[in-house]
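Enquirer: build me a model:
(4 chains)
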Number of protein chains: 2
Amino acid sequence: MGNKKVSMAVIRRLPKYYRYLTELLDNDIKRISSQELSKLTDFTASQIRQDLNNFGGFGQQGYGYNVRDLQKELGKILGLDRIYKAILVGAGNLGQAISNYRGFNDAGFKIMAIFDKNPKMFGIKLMDVMIQDVDNMDDFIRDNDIEIGIICTSKEGSQEIAERMAKSGITGIWNFAPADLKLDDNVTVENVHLNESLFTLSYLLKENND
Amino acid sequence: MGNKKVSMAVIRRLPKYYRYLTELLDNDIKRISSQELSKLTDFTASQIRQDLNNFGGFGQQGYGYNVRDLQKELGKILGLDRIYKAILVGAGNLGQAISNYRGFNDAGFKIMAIFDKNPKMFGIKLMDVMIQDVDNMDDFIRDNDIEIGIICTSKEGSQEIAERMAKSGITGIWNFAPADLKLDDNVTVENVHLNESLFTLSYLLKENND
DNA sequence: AATATGTTGATATATAATTAACATAGTAAA
DNA sequence: TTTACTATGTTAATTATATATCAACATATT
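Expert: Numbering: from 1, shown residues only, chains lettered A, B, ... in the order given. This next block holds a predicted model:
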C-alpha cells in the first residue's frame, strides 16, 4: 500500500487511545473531544488530533469524536478486527502466564499450540492446549498457517527458534527473551524486554531521589 | 543533584548497552569501540558516543572503551550496584512468573513479600516467599523499608494498590496492570503494558503485508 | 623518533516529533 | 434563521533527537 509513513512514536500511542476509547464505550459515553481525551491519556489535545489525522478525519468540527466509531476505526487500524493464529514456544513460568492470559484471546490472538524442549512438560495442558515437543514446531506452523510466534525461551535458545519460525512462514514474532533477534526485514519483531524495563525503573528511581 | 537533563530516549538505550557489555565481559572481550558496539546494538556509533558522554568520558581516544570499566560504570548509572527491596501484589499467572524469574534477583531486586487478595493463595510459597493477605501490605512496606512495588493485579484493582503503596513509602512502581496509574510525581512508575505491545505488533504486521 | 591510523568527545547540522495557532465547518440555542 | 460557540483538521513554529564532522589524542608501525 505504501501510503504515508506514520512514525513509530504515533503507532505506540494508538493502543492507548484504543484502550481509553474501549473504556468510554463500556461506560456508554457517546462522544469525546480531543481535549477530554487529553485529560485521560496525558497526551496533548493537539497531538491527539494530529495522530488521528494520520489515518483520516474521524472527528466532526464543533462536535468531537463519536466514541463508538473512533474505537472501531482504531481497532481496524491496529488490525484488531480479525483473528490471528499464534504459537508459543517455551512453557516456563512466563510462557505459562502468557498462554493463560485471557486478554489476548479476547483480542483475537489464538494460541494454537505450545512447544517446549523439556519432555517432562509434554502433555501438560494450558488453557486446553497441550504442550508438545518443539521438534514439531516447524511442521505445525506450515500445516496450520500460523502467523505469530511468541518466544518465551531463554536468551540462548531464542535466535534459533526465531529463525525456524521465520523459515516456516511466521511473519510476526512477539519476543520475551532478553535478546535482539536478527532476522530478515519481512519478519516483524516486537520485543518485551523485562530486564530493560526494570533497569529503566532503577535508573529513574535513582534520579528521582537526587 | 539536578545536573544535566538526560533525555528519555537515551535512558531507554542504556539497558541495551549494559546487556551487550555484560555479554562481552562474559566472553572475556577487553575493549570495544563505538563502531563495534554499533554493530551489536544497531544504534549508530555516533549516537552511542553521544549517549555515553551524557554521563562522562568513559572511553579513551585512539583506543575505545574498556569493557569491564564501561560495564561497571553503566551499572552504576542504572543503579544496579545495590540491592532493592521489592514486594509483589497479585499472585496470578503473571505475578507468579515474575516472582519466579531469577534474573531480577541476580540484578539485585529482592522480592521480600508477595500479596494477594484471594485467601486460597495464602501460604503458597513462590521462590521461598509465602503469599500473604494484601491487607498486610501497607504495614509490611513501612516495617521493611520497601522501595519497589510490583503490580500484577487486574486493571480494576491497580489504582488502589498503587495509592496504598505510595502512601506507605514506596517510591518506584513496576506496573503490569493495563492501566495508567495516577500518582504524585515523587513516585516513579514504569509500565509494562503487554496489550499495547501486542497491538503494536498487530499493527506492524498489517503494515508489513501491504 | 617520526608517522600513520584509529577513535573519542565536542560541536555543528539535519531530521523528526511535539506543541501552538488558526481558519473553517459544524453544533446548539434563541 | 440567525448568531454565538465549539472543536476539528491543518499549517507553522518550536523543541527534541539523531547524524555528521572534526580537532585532539593514543597507540601501533616504520
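Enquirer: so how far is chain B from residue A:142?
Expert: Residue A:142 sits 18 Å away from chain B when distances are taken as C-beta to the nearest C-beta, to the nearest Å. All C-beta atoms are positioned from the backbone trio N, CA, C, and that covers glycine.
Enquirer: what's near enough to touch the residue lying closest to that residue once chain neighbours are set aside?
Expert: What sits nearest to residue A:142 in space, not counting adjacent residues and going by C-beta to C-beta, 6 or more residues apart in numbering or on different chains, is residue A:168, at 5.3 Å. Taking C-beta atoms under 8 Å, 6 or more residues apart in numbering or on different chains, we find residue A:168 in contact with A:137-139, A:141-142, A:146.
Enquirer: retrieve the pLDDT associated with residue A:168.
Expert: At residue A:168, the model reports a pLDDT of 98.
Enquirer: from DNA strand D, how far off is it?
Expert: Relative to DNA strand D, residue A:168 is positioned 32 Å away (C-beta to the nearest atom of the strand, to the nearest Å).
Enquirer: repeat for residue A:64
Expert: Applying C-beta to the nearest atom of the strand, the value for residue A:64 to DNA strand D is 4 Å.
Enquirer: likewise for residue A:194?
Expert: In terms of C-beta to the nearest atom of the strand, residue A:194 sits 21 Å off from DNA strand D.
Enquirer: for that residue, what are its contacts?
Expert: A:176, A:178, B:98, B:101, B:103, B:192.
Enquirer: shaky segments in chain A?
Expert: Along chain A, segments meeting pLDDT under 70 span A:1-4, A:210.
Enquirer: top strand in it by residue count?
Expert: strand A:109-116 (DSSP state E).
Enquirer: and the contacts of that one?
Expert: With contacts defined as C-beta under 8 Å, 6+ apart, strand A:109-116 is touched by A:83-92, A:95, A:99, A:104-105, A:122, A:126-127, A:129-134, A:136-137, A:140, A:144, A:146, A:148, A:150, B:198, B:202.
Enquirer: element containing residue A:76?
Expert: If you go by DSSP states H and E, residue A:76 is part of helix A:67-78.
Enquirer: buried ones in that helix?
Expert: By 16 or more other C-beta atoms under 10 Å in any protein chain shown, the buried positions in helix A:67-78 come out as A:67, A:70-75, A:77-78.
Enquirer: closest to residue B:27 among the residues you listed?
Expert: Using C-beta to C-beta, residue A:78 is the member of the buried residues of helix A:67-78 that lies nearest residue B:27, at 40.2 Å.
Enquirer: for that closest one, list the residues it contacts.
Expert: A:14-15, A:18, B:199, B:202-203 are the contacts of residue A:78 under C-beta under 8 Å, 6+ apart.
Enquirer: swap in 6 Å and give it another go.
Expert: A:14, B:199, B:202-203 (C-beta atoms under 6 Å, 6 or more residues apart in numbering or on different chains).
Enquirer: same deal with residue A:90?
Expert: Applying C-beta under 6 Å, 6+ apart, the residues near residue A:90 are A:152-153.
Enquirer: can we see that at 8 Å?
Expert: With C-beta under 8 Å, 6+ apart, residue A:90 has these contacts: A:115-116, A:151-154, A:157, A:161, A:176-177.
Enquirer: just the residues you listed: which are in strands?
Expert: Secondary structure from DSSP E places A:115-116, A:151 of those in strands.
Enquirer: just the closest of the residues you listed to residue B:183, please.
Expert: Taking C-beta to C-beta as the measure, residue B:183 lies nearest residue A:151 of those, at 33.0 Å.
Enquirer: any idea how far residue A:97 is from the closest residue to that closest one other than its chain neighbours?
Expert: Sequence neighbours aside, residue A:175 is the residue nearest to residue A:151 in space, at 4.7 Å (criterion: C-beta to C-beta, 6+ apart). Look at residue A:175 and residue A:97: by C-beta to C-beta, to the nearest Å, they are 15 Å apart.
Enquirer: again, but for residue A:144
Expert: Following C-beta to C-beta, the distance that separates residue A:144 from residue A:97 is 23 Å.
Enquirer: these two - which one has more neighbours?
Expert: A count of neighbours by other C-beta atoms under 10 Å in any protein chain shown puts residue A:97 above the other of residue A:144 and residue A:97, at 23 against 13.
Enquirer: how is chain A divided into domains?
Expert: A:8-77, A:84-196 (automatic domain parsing).
Enquirer: quick check: residue A:130 is in a strand.
Expert: Yes: the assignment for residue A:130 by DSSP: H, G, I helix; E, B strand; the rest coil puts it in a strand.
Enquirer: now do it against chain B, distance only.
Expert: Residue A:130 sits 18 Å away from chain B, taking C-beta to the nearest C-beta as the criterion.
Enquirer: neighbours of that residue, just the number please.
Expert: Neighbours around residue A:130, by other C-beta under 10 Å: 12.
Enquirer: isn't it up against residue A:136?
Expert: No: proximity of residue A:130 to residue A:136 does not meet the contact threshold set by C-beta atoms under 8 Å, at 11.0 Å.
Enquirer: list the strands paired with the longest strand of chain A, with their directions.
Expert: For strand A:109-116, the paired strands and their directions (DSSP bridges) read strand A:84-89 (parallel), strand A:129-133 (parallel).
Enquirer: so which of those comes closest to DNA strand C?
Expert: Closest approach to DNA strand C among these (C-beta to the nearest atom of the strand): strand A:84-89, 26.2 Å.
Enquirer: what's next to the next helix or strand along the chain from the closest one, contact-wise?
Expert: Scanning forward in sequence from strand A:84-89 by DSSP H and E, the next helix or strand is helix A:93-100. Helix A:93-100 is contacted from outside by A:88-89, A:91, A:104, A:111, A:114, A:116, A:126-127, A:129, A:150, A:152, A:176, B:92-94, B:96-97, B:100-101, B:194, using C-beta under 8 Å, 6+ apart.
Enquirer: now the helix or strand residue A:11 falls within and helix A:67-78, what's the angle there?
Expert: Assigned by DSSP H and E, residue A:11 belongs to helix A:8-26. For helix A:8-26 against helix A:67-78, the angle by axes from the mean of the first three to the mean of the last three C-alpha atoms, to 10 degrees is 140 degrees.
Enquirer: list the helices and strands helix A:8-26 packs on?
Expert: Applying 3 or more C-beta pairs under 8 Å, 6 or more residues apart in numbering or on different chains; DSSP states H and E, we find helix A:8-26 packed against helix A:34-41, helix A:45-53, helix A:67-78, helix B:194-208.
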